[in-house]
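*Asks:* Fold the following, please.
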Amino acid sequence: MAYSQMRIHASTWQDRVMRKSHKPQARATVLGSFLIFVLGACSNQAEGNASSEGDDDPQSGDTGAEAVYAPCPSEARLGSVRVEVADGFTAIVGLIMDSVMPSNVEVVVAESGSCRLLTKNNYFCDPPCITNEVCGTDGSCVPAPQSLTFGDVAINGMHVAGTLELNNGWYQYPGTLPHPAFAEGDLLQLVATGGHYEPFRLDGRGLDRVAVTSTQVVLSRGDPIPLRWTAGDGTATMRIHLDINLHGSTWNWIECVAPDSGTFEIPADIAAQLMDAGVSGYPTLLLTRRSVDSTIIGPGCVEFEVKGEFSLPVTIPGLTSCSTDDDCPEGQTCQPDLTCG
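*Replies:* Residues are numbered from 1 along each chain as shown. This next block holds a predicted model:
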């Protein structure tokens, strides 16, 4: 299935920021697309909201046939409430802004099957923007996005009461969640009573963290990239995120969407285009099992995401990653892009 046939979009901006902060020595036209999304989403959400009116909240152990997968487009994504099943713990965090950061809107460079090569624009303003401003698409400064409140927020269907607390703009679970906080296949529901904008409900599904069956990921020009993992119960969707230039001067990555079947190949043609855009130290691939539901509120789109992911290092022949000169072969030094040269 071609990517253009699917309502699939790349990762949330929070994902990207958190991922960059965990790397060693890491350096620190929209309206038309949005209206198309709104017209489609309103129809879907009308059905979902109508079905939820008067329904009892899902209880732990309830299961259904298929997990929701309806992410926001990046040009409309205000943020999300995210439940992550990690190694040894389950975490919940939510942040929703009042506008979309212009530089977070993804640009499609190429497509191959269910994979897309993506980038983002780097806007420049002269004079530079002041505090609480960001550079807009037309080169002028605009107000920076600010966090929204959306009332009392709870996630129903977990093993424990899932009431969240607001802390400096972020919604978080107060305390430590049991791990796992739900069983695979459990029906979850995010319920927000409304704050700056109207109340909403979004559906999710209890998922297991991805377990890989092969940890060897090799990127060689001209070859596809085979991936193997333990398949889930068939209700979730897999997102594959390949980033090989996280510490370089350009920002390109591959996003693929696939069934949770346990096997997938990133096509050789789009992998070669990613290499042409540049490489730097510590290339990484993320395998993420996820369910995502979304709705329109006020200025844009919000998501409820349940996910479990696994990070794999990527081997590129001829590339040696480094944090210091000691990581490099004799006669080479660690470069600013964290490669030996």
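
*Asks:* all helices for this protein, in order.
*Replies:* For the chain, the helices defined by DSSP state H occupy 13-21, 30-52, 268-276.

*Asks:* The ones you listed: lowest mean pLDDT?
*Replies:* Lowest mean pLDDT within the helices of the chain: helix 13-21, a mean of 34.

*Asks:* Please list all residues in contact with the nearest residue to residue 311 once chain neighbours are set aside.
*Replies:* Using CB to CB, 6 or more residues apart in numbering and skipping residues adjacent in sequence, the residue nearest residue 311 is residue 286, 5.5 Å away. Placement of C-beta: from N, CA and C, glycine included. Residue 286 is in contact with 19, 239-242, 309-312, counting by CB atoms under 8 Å, 6 or more residues apart in numbering.

*Asks:* Ok, residue 139 next?
*Replies:* Residue 139 sits in contact with 123-126, where contact means CB under 8 Å, 6+ apart.

*Asks:* farthest pair in those?
*Replies:* Greatest spacing in those, by CB to CB: 123 and 126 (11.0 Å).

*Asks:* Those two: which has the busier surroundings?
*Replies:* Between residue 123 and residue 126, counting by other CB atoms under 10 Å, residue 123 is the more crowded of the two (17 against 7).

*Asks:* Check what pLDDT the more buried one gets.
*Replies:* 93.

*Asks:* Surely it and residue 105 touch.
*Replies:* No - applying CB atoms under 8 Å as the test, residue 123 and residue 105 come out as separate, 10.2 Å apart.

*Asks:* before we move on, the earlier item: can you tell me which of the contacts of residue 286 is closest to residue 169?
*Replies:* Here the nearest of the contacts of residue 286 to residue 169, counting by CB to CB, is residue 19; it sits at 20.4 Å.

*Asks:* ok, which stretches of the stretch 1-150 of the chain are strands?
*Replies:* 77-85, 90-96, 106-112, 115-120, 133-135, 141-143 (DSSP state E, counting those that start in this stretch).

*Asks:* need those strands in a markdown table with distance to residue 153, can you?
*Replies:* A markdown table is the format used below for these (distance: least, CB to CB, whole Å):
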| stretch | distance to residue 153 |
| --- | --- |
| strand 77-85 | 7 |
| strand 90-96 | 7 |
| strand 106-112 | 27 |
| strand 115-120 | 29 |
| strand 133-135 | 27 |
| strand 141-143 | 25 |
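
*Asks:* which of the ones you listed sits most buried?
*Replies:* Of all those, strand 77-85 carries the top mean neighbour count, a mean of 25, counting by mean count of other CB atoms under 10 Å.

*Asks:* For it, name the packing helices and strands.
*Replies:* For strand 77-85, the helices and strands in contact under the criterion 3 or more CB pairs under 8 Å, 6 or more residues apart in numbering; DSSP states H and E are helix 13-21, strand 90-96, strand 153-156, strand 300-313.

*Asks:* for these, which one sits closest to residue 110?
*Replies:* Once the helices and strands packed on strand 77-85 are compared by CB to CB, helix 13-21 is nearest, at 19.7 Å.

*Asks:* In a markdown table, list the strands of the stretch 1-150 of the chain along with mean pLDDT and distance to residue 260.
*Replies:* Below are the strands of the stretch 1-150 of the chain laid out as a markdown table (pLDDT from 0 to 100; distance: least, CB to CB, whole Å):
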| stretch | mean pLDDT | distance to residue 260 |
| --- | --- | --- |
| strand 77-85 | 96 | 14 |
| strand 90-96 | 95 | 19 |
| strand 106-112 | 97 | 21 |
| strand 115-120 | 96 | 16 |
| strand 133-135 | 97 | 37 |
| strand 141-143 | 96 | 40 |
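
*Asks:* Relative to residue 185, which of those is closest?
*Replies:* strand 77-85 (13.0 Å).

*Asks:* ok, the nearest residue to residue 134 once chain neighbours are set aside - how many residues close by?
*Replies:* For residue 134, ignoring the flanking residues on the chain, the nearest one in space by CB to CB, 6+ apart is residue 144 at 4.7 Å. Residue crowding around residue 144 was assessed by other CB under 10 Å; the count is 16.

*Asks:* now residue 103
*Replies:* Per other CB under 10 Å, the neighbour tally for residue 103 reads 15.

*Asks:* so it sits right up against residue 134, yeah?
*Replies:* Yes - judged on CB under 8 Å, residue 103 makes contact with residue 134 at a distance of 7.4 Å.

*Asks:* Residues that sit against both of those two, list them.
*Replies:* By CB under 8 Å, 6+ apart, no residue touches both residue 103 and residue 134.

*Asks:* what's the closest of the strands of the stretch 1-150 of the chain to residue 293?
*Replies:* strand 77-85 (10.0 Å).

*Asks:* Could you check the angle the closest one makes with strand 300-313?
*Replies:* Angle of strand 77-85 versus strand 300-313, following axes from the mean of the first three to the mean of the last three CA atoms, to 10 degrees, is 50 degrees.
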